[in-house]
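J.: the following block contains a protein sequence and its predicted model.
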Amino acid sequence: MNIDFYIDRFVEPGRPMVPIEDRGYQFGDGIYEVIRAYDGVPFMVEEHLFRLERSAAAIHLQLPFPRERISEIIDEALTRSGIPNAIVYFQISRGSAPRKHQFPKVDSVMALTVRPASPPPREKYSEGISATLLTDERWANCYIKSINLLPNIIAKDRAVAGGHDEAIFVRDGHVTEGSSSNVFAVKGGALHTPPVTHWILNGITRMAVVKLAGDMDIRLHEEDFRPEWLVSADEAFITSTTAEVLPIRAIDDKPIGEGRPGPVTKKLLAAFRDQTGSLISK
């Protein structure tokens, strides 16, 4: 069943809870994480919690619980839900206070939900997705997993309205990341992905794929590349917690390679599925 947690206790799912003066609601003043659970076990939870702490430090936010307690709440929520393959979403807002721009001296608030995982349709993995290139108009600190996602949402909506599945951002002539994903390309058998800077979020699935590439002796280059280079790649794919490893068949209606998932992408997707026991493979 669906599970909700708010402030310090589990509550009835869907119950109204957030005060109008919560700064997450009024300012987008907060951070979040999305964790995939496989067979009831949260995947790479320590990496998620480390990134949460880094985001909190970057916006001068005191977390309401230590890392160990947050991990316990996640485990209990998954156990209560009974959902073996789930998405755990949780966010920390700065809390409620009279509406002023400067940071108030209040306690931060954690909210958490557990819902069944909803991966993309299977044919997206066998056929690939369509993406479009858009100018990256977000703020400079994209490494912070902020709940203020309106620019990403606008980009995703533009992509879907144009018949695509994902938007790929371009800033100063270089590819950064997708609206809700990281971007990889394959050329000459080598794997390429933009480097970890403040312009991108270092995705947890990105980390997993980078490690898998090393384990499989696939050459990896973490370096900037231009959109025209991406379009000329032999293969391309995106990674995210919800989509895992998802091939790209075309960008702005131009086929990538042969217009279908390539061998390196398939190899990495199979290795990721083996590591996680993903339902997509069953």
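T.: Yep, that arrived.

J.: check contacts around the residue nearest to the spatial centre of the chain.
T.: Nearest to the mean C-alpha position of the chain, counting by Cα atoms, centre = their mean, stands residue 240 at 4.6 Å. The neighbourhood of residue 240, defined by Cβ atoms under 8 Å, 6 or more residues apart in numbering, consists of 178, 180-182, 203, 205, 246. For the C-beta atoms, the positions are set from N, CA and C on the backbone; glycine is no exception.

J.: next, format those as TSV and append secondary structure.
T.: Output for the contacts of residue 240, formatted as TSV (DSSP: H, G, I helix; E, B strand; the rest coil):
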residue	secondary structure
178	strand
180	coil
181	coil
182	strand
203	coil
205	helix
246	strand
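
J.: separation between the nearest residue to residue 254 once chain neighbours are set aside and residue 255?
T.: Closest residue in space to residue 254, ignoring its immediate chain neighbours: residue 231 at 5.4 Å, by Cβ to Cβ, 6 or more residues apart in numbering. Residue 231 sits at a distance of 9 Å from residue 255 (criterion: Cβ to Cβ, to the nearest Å).

J.: do the same with residue 73
T.: If you go by Cβ to Cβ, the gap between residue 73 and residue 255 works out to 46 Å.

J.: okay, the two: which has more neighbours?
T.: Set residue 73 next to residue 255 and count neighbours by other Cβ atoms under 10 Å: residue 73 wins out with 17 against 13.

J.: for that one, helix, strand, or coil?
T.: Classification of residue 73 by three-state DSSP places it in helix.

J.: didn't it look like it was pressed against residue 112?
T.: Yes - applying Cβ atoms under 8 Å, one finds residue 73 in contact with residue 112, separated by 6.5 Å.

J.: need the residues touching each of those two.
T.: Common contacts of residue 73 and residue 112 (Cβ under 8 Å, 6+ apart): residue 5.

J.: tell me the pLDDT at the most far-flung residue of the chain relative to its centre?
T.: Here the chain reaches farthest from its C-alpha mean at residue 98, the gap being 31.7 Å by Cα atoms, centre = their mean. pLDDT for residue 98: 95.

J.: does it belong to a helix, a strand or coil?
T.: From three-state DSSP, the assignment for residue 98 is coil.

J.: for residue 30, see how far away it is.
T.: From residue 98 to residue 30 the distance is 17 Å (Cβ to Cβ).

J.: what of residue 127?
T.: Taking Cβ to Cβ, one finds residue 127 at 37 Å from residue 30.

J.: same deal with residue 185?
T.: From residue 185 to residue 30 the distance is 33 Å (Cβ to Cβ).

J.: for residue 231, give me the backbone phi and psi.
T.: Backbone geometry at residue 231, expressed as degrees, to the nearest 10, gives phi -60, psi -30.

J.: verify the contact between it and residue 251 for me.
T.: Yes - counting by Cβ under 8 Å, residue 231 touches residue 251, with 5.3 Å between them.

J.: any idea how many residues pack against the closest residue to residue 239 other than its chain neighbours?
T.: Counting by Cβ to Cβ, 6+ apart, residue 205 is the residue found nearest to residue 239 once chain neighbours are left out, at 4.1 Å. Residues near residue 205, counting by other Cβ under 10 Å, number 23.

J.: list the contacts for residue 161?
T.: So residue 161 contacts nothing (Cβ under 8 Å, 6+ apart).
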